[in-house]
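**Student:** coordinates only, sequence not included:
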């Protein structure tokens, strides 16, 4: 299906992701290094990243279910205006408490792939509403690819000042990079003002209370499984992901010029991988695609801290990013099909919150381990946790995918189809 044939709102939502992702990519590459240049230690940097992730998780818990009642457009406009405010604060001051507030509000260094951060469930639910089930894996993967491409551009732009100035960048030199998230937020608001929020038809009443009870119970069971699997994945990612630029800096004594270039390459390859994953999933299924790609990524994660030179470790990071990040869109497509349309905000909230909360713990633990000199241990622990996630993903969802992808079906709805019909009253 060509780009021009996608619904207008889908194209605008993807444009917003592209705009936001440039600033997010720059912050992934530069923000931890900026704090390092200000004299902050690894534990302090990890604590700031953890605080940002915890606030994001709290907002996700609140916003996702509320968005099922409508107002998705207003939620996203509010989010981007907050991002613009955070960028302005960080651009004009390095006062610690103001910078921490801006970092927590802007989720700097988190790398949300161009999504609306804590408000991402709103965005994902909106996309799912606009698309037929059969197109979701491909379009969600294209959406992820656009975000990774933008983040790659942002990381590359972040590296340019370092290339001009050399590796001895002063803290003040980093502050100009906050122009990128500021511009992205303003462009996103402009695109949002052109959208028209869809009006959902009222959900058809259940044939019998027992059918609705069984349907809701089965949906909740699937969401609980998703939450448990994602918890392992989130903690595994959080141990190293938000601190990866800092790890390269202290492990190899490298500057933003090399680190930004490597991260930009990683995001670019991840964009191609995400685009390809949607097509592989169409042919081989979501489950097989996730297992193959994530298993390859696990091996590279274990090998990264063992490589003694910068570009060797960076090459593994790039390839691992392609394997891991490339599956984001198809996993979101699977999660979007676990419930009915009227509960899709809840499903997206579970998908995001169950990743964010454990991931929020990761930077604090990883930063403390890095500060203590354990530069490899967080990678090994992260690999073990992600291996557990992959095992649970297979066990929990191997019988689910066919129902999720089949048009007009959901696994919970199919299991409820056998519920007893409403009893007839004697005439």
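**Tutor:** Cool, the structure landed. Not measured: the values here are computed from a predicted model.
**Student:** how about residue 317, nearest residue that isn't a chain neighbour?
**Tutor:** Closest residue in space to residue 317, ignoring its immediate chain neighbours: residue 266 at 5.7 Å, by CB to CB, 6 or more residues apart in numbering. (Glycine included, C-beta is placed from N, CA and C.)
**Student:** now for the one you found: which residues touch it?
**Tutor:** Applying CB atoms under 8 Å, 6 or more residues apart in numbering to residue 266 gives the contacts 152, 155, 314, 317-318, 321-322.
**Student:** ok, 6 Å please
**Tutor:** Contacts for residue 266 (CB atoms under 6 Å, 6 or more residues apart in numbering) come out as 317-318, 321.
**Student:** for ChimeraX, write the select line for the buried members of those residues.
**Tutor:** Once 16 or more other CB atoms under 10 Å is used to decide burial, the buried members of the contacts of residue 266 can be selected in ChimeraX as follows:
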select :317,318,321
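**Student:** okay, and the residue nearest to residue 23 when sequence neighbours are not counted sits in which element?
**Tutor:** Nearest-residue entry for residue 23: residue 181, 3.0 Å, with adjacent residues in sequence omitted and distances by CB to CB, 6+ apart. Taking DSSP states H and E as the criterion, residue 181 maps to helix 179-192.
**Student:** buried stuff in that helix?
**Tutor:** Within helix 179-192, the residues that qualify as buried are 180-185, 187-189, 191-192, counting by 16+ other CB under 10 Å.
**Student:** just how off-centre is it within its chain?
**Tutor:** Helix 179-192 sits 19 Å away from the centroid of its parent chain (CA atoms, centre = their mean, to the nearest Å).
**Student:** what helices and strands are in contact with it?
**Tutor:** Secondary structure elements in contact with helix 179-192, counted by 3 or more CB pairs under 6 Å, 6 or more residues apart in numbering; DSSP states H and E, are helix 8-37, helix 72-92.
**Student:** let me see the mean pLDDT of it.
**Tutor:** The average pLDDT within helix 179-192 is 95.
**Student:** contact partners of that helix?
**Tutor:** Defining contact as CB under 6 Å, 6+ apart, one finds that helix 179-192 is touched by 12, 15-16, 19-20, 22-23, 26, 76-77, 80, 83-84, 87, 154.
**Student:** give me that answer again for 7 Å
**Tutor:** Here helix 179-192 makes contact (CB atoms under 7 Å, 6 or more residues apart in numbering) with 12, 15-16, 19-20, 22-24, 26-27, 73, 76-77, 80-81, 83-84, 87-88, 91, 106, 154, 157.
**Student:** which of the residues you listed are buried?
**Tutor:** The neighbour-count test (16+ other CB under 10 Å) applied to the contacts of helix 179-192 identifies 12, 15-16, 19-20, 22-24, 26-27, 73, 76-77, 80, 83-84, 87-88, 106, 154, 157 as buried.
**Student:** just the angle between the helix holding residue 181 and helix 8-37, please?
**Tutor:** Orientation note: helix 179-192 sits at an angle of 160 degrees relative to helix 8-37 (axes from the mean of the first three to the mean of the last three CA atoms, to 10 degrees).
**Student:** list the buried residues for the helix or strand just after helix 179-192?
**Tutor:** The helix or strand immediately downstream of helix 179-192 is helix 209-238, counting by DSSP H and E. Going by neighbour count (16+ other CB under 10 Å), the buried part of helix 209-238 is 211, 214-216, 218-220, 222-223, 225-226, 229-238.
**Student:** and helix 209-238, what does it pack onto?
**Tutor:** With contacts taken as 3 or more CB pairs under 7 Å, 6 or more residues apart in numbering; DSSP states H and E, helix 209-238 sits against helix 344-371, helix 377-397, helix 411-416.
**Student:** what about the closest residue to residue 85 other than its chain neighbours, distance to residue 185?
**Tutor:** Spatial nearest neighbour of residue 85, chain neighbours left out: residue 105 (7.3 Å); criterion: CB to CB, 6+ apart. Look at residue 105 and residue 185: by CB to CB, to the nearest Å, they are 11 Å apart.
**Student:** what does residue 174 give?
**Tutor:** Where residue 185 is concerned, residue 174 sits at a distance of 19 Å (CB to CB).
**Student:** what's the answer for residue 253, then?
**Tutor:** According to CB to CB, residue 253 and residue 185 sit 34 Å apart.
**Student:** my read: residue 252 touches residue 308, true?
**Tutor:** No: between residue 252 and residue 308 there is no contact, the gap being 9.1 Å when judged by CB atoms under 7 Å.
**Student:** neighbour-wise, which of the two wins?
**Tutor:** residue 252 (17 against 9; other CB atoms under 10 Å).
**Student:** ok, now which ones touch that one?
**Tutor:** With contact set as CB under 7 Å, 6+ apart, residue 252 has these partners: residue 310.
**Student:** residue 173 and residue 160 touch, don't they?
**Tutor:** No: between residue 173 and residue 160 there is no contact under CB under 7 Å: 11.2 Å.
**Student:** sorry, back to before: can I get the contacts of residue 266 in TSV including secondary structure?
**Tutor:** TSV is the format used below for the contacts of residue 266 (DSSP: H, G, I helix; E, B strand; the rest coil):
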residue	secondary structure
317	helix
318	helix
321	helix
